[in-house]
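In: coordinates only, no sequence provided:
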């Protein structure tokens, strides 16, 4: 009797210590003659990043990759069938390849252009994964969403900046992936738009998404999925700012989750979010926008965002290099005048300070040239 009770106890202990699982399905059109190299880069980068996220939240990682010969309806169906969820599991679906939409469809999310089936709906896949009842389901399709069958644009652009680097601090990752219950579906392009990619660097939105994640880990102290996705969208537009409007595209997403309480590092809350500061600074540094328009926005926003005597510490490219300190008024005027020299700004919220009214009295930024 004692042995039987001990066995039951051991089974209960073992079952309670089984790690929750982070399931990832990664689909990439690596054999496409035009887009293959870009998709291969996307696949490698995303696999490494999601593996890192699973480790940071102490989840067991289960990855299914459909590329090369497995890139097709059969491979996708098999991958979906392999996902069996417990109530605490996380599911991530990622697609990089060609996509399209049609006038007959009402969905804002694209069809995936698989080698043997070009009418697989991203939204349908998302619903199938939601039906498995994980704690959190995240679906991301990086592909065209234009209203006819076509190829994703490849653009020969110089390398984009990838952020300061991945931090050992898992607070932001836990906030996004561990504390979220529900689902999110994301498309790299809105209905009627084509997505863009670089043959060596990968897809622009995937790049911007991971850059936003890297910078949030390193620089942020409070985040929601909405502010994170807004920051990724801001970074996408910075990457596309040199291109004509006919080439630009805008990410689209839909959220359906229980919002966890925001991280509150102090009793003072900022008047503007992390992503809005980044958007504001990069707007001022966008020389394609007329000087008078940028200066008008500066005059309007500066007293809302910053204290009158606010200062700015500036890293130039590398955070290891010495910083330069300037009054915020001088700094904002300078970036409007020297916009051509600046590629991008990254706001380091963790090293910035708020005044009692929620405005920033000290700002720390990374200036990428």
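Out: Looks like it came in fine. Remember, it's a predicted structure, so these values are computed and weren't measured experimentally.
In: would you agree residue 253 is in contact with residue 186?
Out: Yes: applying CB atoms under 8 Å as the test, residue 253 and residue 186 come out as touching, 4.3 Å apart. Bear in mind the C-beta positions are built from the backbone N, C-alpha and C, glycine included.
In: which residues do those two both contact?
Out: With contacts defined as CB atoms under 8 Å, 6 or more residues apart in numbering, the residues shared by residue 253 and residue 186 are residue 229.
In: neighbour-wise, which of the two wins?
Out: Higher neighbour count among residue 253 and residue 186: residue 186, with 24 against 19, using other CB atoms under 10 Å.
In: give the contact list for the more buried one.
Out: The neighbourhood of residue 186, defined by CB under 8 Å, 6+ apart, consists of 138-141, 229, 251-253.
In: rerun at 7 Å
Out: Going by CB atoms under 7 Å, 6 or more residues apart in numbering, residue 186 touches 139-140, 229, 251, 253.
In: partner residues bridging it?
Out: When bridges are assigned using DSSP bridges, the partners listed for residue 186 are residue 140, residue 253.
In: residues near residue 132, how many?
Out: The number of residues packed around residue 132, counting by other CB under 10 Å, is 15.
In: for it, give me the pLDDT.
Out: According to the predicted model, the pLDDT of residue 132 comes to 97.
In: how is the protein carved up into domains?
Out: Each structural domain of the chain that the record assigns through automatic domain parsing is listed here as a residue range: 20-258, 274-368.
In: most tightly surrounded among those?
Out: domain 20-258 (a mean of 19; mean count of other CB atoms under 10 Å).
In: measure that domain end to end?
Out: From the first residue to the last, domain 20-258 extends over 20 Å; the measure is CA to CA, to the nearest Å.
In: so what's residue 257 up against?
Out: Per CB under 7 Å, 6+ apart, neighbours of residue 257: 180-184.
In: let's see it at 10 Å
Out: Residue 257 is in contact with 135-138, 180-184, 225, counting by CB atoms under 10 Å, 6 or more residues apart in numbering.
In: as TSV, the residues you listed with pLDDT would be great.
Out: As requested, these are exported to TSV (pLDDT from 0 to 100):
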residue	pLDDT
135	97
136	97
137	98
138	98
180	93
181	94
182	96
183	97
184	97
225	94
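In: from the residues you listed, pick the one nearest residue 286.
Out: For residue 286, the closest of those turns out to be residue 225, at 25.7 Å, with distances computed as CB to CB.
In: what about the closest one, distance to residue 39?
Out: For residue 225, the distance to residue 39 equals 25 Å [CB to CB, to the nearest Å].
In: could you give the bridge partners of residue 354?
Out: Taking DSSP bridges, one obtains residue 360 as the residues bridged to residue 354.
In: isn't it right next to residue 361, touching?
Out: Yes: using CB atoms under 10 Å as the test, residue 354 is close enough to residue 361 to be in contact (6.8 Å).
In: spit out the residues that contact the two alike.
Out: Joint contacts of residue 354 and residue 361 (CB under 10 Å, 6+ apart) are residue 307.
In: which residue, other than its chain neighbours, is closest to residue 235?
Out: For residue 235, ignoring the flanking residues on the chain, the nearest one in space by CB to CB, 6 or more residues apart in numbering is residue 208 at 4.0 Å.
In: does that neighbour sit in a helix, a strand or a coil?
Out: Using DSSP: H, G, I helix; E, B strand; the rest coil, the secondary structure recorded for residue 208 is helix.
In: do the one 4 residues further on as well
Out: On the three-state scheme (three-state DSSP), residue 212 is labelled helix.
In: let me know the pLDDT of the closest residue to it other than its chain neighbours.
Out: Setting aside the residues directly before and after it, residue 212 is nearest to residue 232 in space (CB to CB, 6+ apart), at 4.0 Å. On the pLDDT scale, residue 232 is placed at 96.
In: doesn't residue 232 fall inside a strand?
Out: No: secondary structure of residue 232, determined by three-state DSSP: helix, with no strand assignment.
In: chain center to stretch 339-352: distance?
Out: Stretch 339-352 sits 18 Å away from the centroid of its parent chain (CA atoms, centre = their mean, to the nearest Å).
In: what are the ranges of the strands in the stretch 101-250 of the chain?
Out: Along the stretch 101-250 of the chain, counting by DSSP state E, counting those that start in this stretch, strands occupy 111-114, 117-121, 136-142, 153-154, 181-187, 196-198, 202-203.
In: next one: residue 110 from residue 186, what distance?
Out: For residue 110, the distance to residue 186 equals 11 Å [CB to CB].
In: same check on residue 174?
Out: With the distance defined as CB to CB, residue 174 ends up 20 Å from residue 186.
In: over to residue 355?
Out: Distance from residue 355 to residue 186, counting by CB to CB: 35 Å.
In: and the strands in the stretch 251-369 of the chain?
Out: Going by DSSP E, counting those that start in this stretch, the stretch 251-369 of the chain shows strands at 252-258, 306-316, 324-327, 344-347, 353-354, 360-368.
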